[in-house]
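Visitor: give me the fold of what follows.
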Amino acid sequence: MNITVLAVGTKMPRWVDEAVGEYAKRFGRDVNYALKEIKPEKRGAGVNAAQGMAVVVVLDERGKAPTSVELAQYLKSWQQNGEHVCFIIGGADGMTDRLKQQANVMMRLSSLTLPHGMVRVLLTEQLYRAVSILHNHPYHRE
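Guide: Modelled structure (predicted):
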């Protein structure tokens, strides 16, 4: 399965890169995980992202907040359909309404406002957790 995370912003603290890297390498061979950084546009200009042939998941405060098990089920469905999944994390100004309307899924990680770098870490950890659930790995406990 291919999972791509598009994140606006290019200068994260070292701890963010290290934490994302730690979870990313845990996926193993079954998941091809990539975090791609997008240079932020000038404030107010919005973000342009090409969808390609991927399931586009926009992270937005008004999106659905799935449980870890529900996220695992999303991944399972997308994997069974052979779909590439692309998660988009907006910048400080969010993202355009047009991009949100083009998304296949709008999802939120929390009702709290989170720092951009923390969203990268949380999303990567939750994706790893979801894959662990699908493989019956003991990382996730209920």
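
Visitor: what count of nearby residues applies to V119?
Guide: 21 (other C-beta atoms under 10 Å). Placement of C-beta: from N, CA and C, glycine included.

Visitor: from Y23, how far off is it?
Guide: Using C-beta to C-beta, to the nearest Å, we find V119 at a distance of 13 Å from Y23.

Visitor: just D93 next, same as before
Guide: From D93 to Y23 the distance is 27 Å (C-beta to C-beta).

Visitor: ok, longest strand in this structure?
Guide: strand 54-64 (DSSP state E).

Visitor: can you list the strands that that one pairs with?
Guide: Paired neighbours of strand 54-64 in the sheet (DSSP bridges): strand 84-89 (parallel), strand 105-107 (parallel).

Visitor: hey, which of those is tucked in deepest?
Guide: strand 84-89 (a mean of 22; mean count of other C-beta atoms under 10 Å).

Visitor: quick one: mean pLDDT over it.
Guide: Mean per-residue pLDDT for strand 84-89: 93.

Visitor: can you check stretch 106-124 too?
Guide: Stretch 106-124 comes out at a mean pLDDT of 92.

Visitor: could you confirm K100 falls within a strand?
Guide: No - K100 is assigned helix when assessed by DSSP: H, G, I helix; E, B strand; the rest coil, not a strand.

Visitor: skip the chain neighbours and tell me the closest residue to it.
Guide: In this structure, K100 finds its nearest non-sequential neighbour in V58, 5.5 Å apart by C-beta to C-beta, 6 or more residues apart in numbering.

Visitor: can I assume the one you found is in contact with M107?
Guide: Yes - under the criterion of C-beta atoms under 8 Å, V58 makes contact with M107 at 7.3 Å.

Visitor: common neighbours of the two, please.
Guide: Contact criterion C-beta atoms under 8 Å, 6 or more residues apart in numbering; residues shared by V58 and M107: F87.

Visitor: so which of D93 and Y23 has more stuff around it?
Guide: Y23 (19 against 15).
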